[in-house]
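Visitor: starting from these lines, generate the structure:
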Amino acid sequence: MMKKLLLTLSLSLSVVPVYADELGPTEGADLPPARITPSKPVAAPVEAPPVEAAPAAPAVTAPAPRAMPVAEAAPAVRASDTGWFAGAGIGYSENRDYECTGCGAAIGSLDDSGFAYKLFGGYRLHRNFALSAGYMDLADTRAAGVGAAWNDRLKADGFYAAAHGILPVTDKIDVFATAGFLRWDQKVTFNGTSGSFDGTDLMYGLGAGYALNRTGAKLQLEWNRLTDVGTNDPALGHIDDYDLFTVNLVYQF
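Guide: Alright, predicted model coming up:
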């Protein structure tokens, strides 16, 4: 019995050290220091470089709404101060001092006015000065003696050259004066006998013009006095003054 007990005890003692490492530590026993496995160094977080904020776009200020422009009055049309011009005029002429030299019987009837016209052209050298030349056709003069004792007919026309002094009054209105010479041609028929005469005498006149909008044209009212038209021929002589009134349409280039 004793031998079994001792055998069992020795077996027990021999087994204990084998499992000692597997058993947990007993209270008060000296344990070897714990092995501390050094942890891997943790890389410090890399701070991203500060991102600079993009510069703010300049504030776009919407333009203030523009007020609709107030319609301005169109500038007045004004003819050029210089340049070529051409025109035509219609109206009437009047024989101011008809006389029948050597007719004998008194005048019974007289028609000394009627339709007349002229054509002309020229050059405006300055806003105050121009030169022109043209042709004019005057109304016939018809006269008869008392009791048809005689019959007389005068026809006059001619070419002229003139200078014009111009005074602009506004951008559209001007006035002008004319002085020049008329190379007249006169045809006379008296009691069936005819003759033709010519000569050169003074002419002068006054006028006013109005510029038409956006056309380059101008309307004129003009008066001309034509002096001493005719001759003192003993058989068919007539020396008369004429007035010519016309409305002209003029275009300046």
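Visitor: only C-alpha atoms from now on, for both contacts and neighbour counts.
Guide: OK.
Visitor: residues making contact with stretch 215-229?
Guide: Under the contact criterion C-alpha atoms under 8 Å, 6 or more residues apart in numbering, stretch 215-229 has outside partners 77-79, 156, 178, 182, 184, 186, 199, 201-212, 238-253.
Visitor: and for the closest residue to S113 other than its chain neighbours, the neighbour number?
Guide: Among residues not flanking S113 along the chain, E94 sits closest, at 4.2 Å (C-alpha to C-alpha, 6 or more residues apart in numbering). By other C-alpha atoms under 10 Å, 22 other residues sit near E94.
Visitor: got a list of what E94 touches?
Guide: Contact analysis of E94 by C-alpha under 8 Å, 6+ apart lists 112-114, 139, 242-244.
Visitor: for the stretch 151-253 of the chain, what spans make up the strands?
Guide: For the stretch 151-253 of the chain, strands defined by DSSP state E, counting those that start in this stretch occupy the ranges 151-168, 173-190, 193-211, 217-231, 238-252.
Visitor: that older thread, what subset of the contacts of stretch 215-229 is buried?
Guide: 78-79, 156, 178, 182, 184, 186, 201-212, 238-252 (16 or more other C-alpha atoms under 10 Å).
Visitor: what's across from the residue nearest to E222 when sequence neighbours are not counted in the sheet?
Guide: What sits nearest to E222 in space, not counting adjacent residues and going by C-alpha to C-alpha, 6+ apart, is G207, at 4.2 Å. Taking DSSP bridges as the rule, G207 bridges to F176, E222.
Visitor: any idea how far G207 is from Y251?
Guide: Separation of G207 from Y251 (C-alpha to C-alpha, to the nearest Å) stands at 16 Å.
Visitor: ok, now N151?
Guide: Distance, N151 to Y251, using C-alpha to C-alpha: 42 Å.
Visitor: same question, D174
Guide: D174 is 15 Å from Y251, by C-alpha to C-alpha.
Visitor: can you measure across stretch 137-146, start residue to end residue?
Guide: For stretch 137-146, the first-to-last residue distance is 29 Å (C-alpha to C-alpha).
Visitor: make 8 the first number, not 1, from now on.
Guide: With the count now opening at 8, the last piece we talked about shows up as stretch 144-153.
Visitor: what does that stretch contact?
Guide: Residues outside stretch 144-153 that contact it (C-alpha under 8 Å, 6+ apart): 99-102, 110, 112-125, 157-165, 251.
Visitor: which stretches of the protein have low pLDDT?
Guide: 8-87, 108 (pLDDT under 70).
Visitor: now do 50
Guide: Along the chain, the model assigns pLDDT under 50 to residues 12, 20, 22-36, 38, 76-84.
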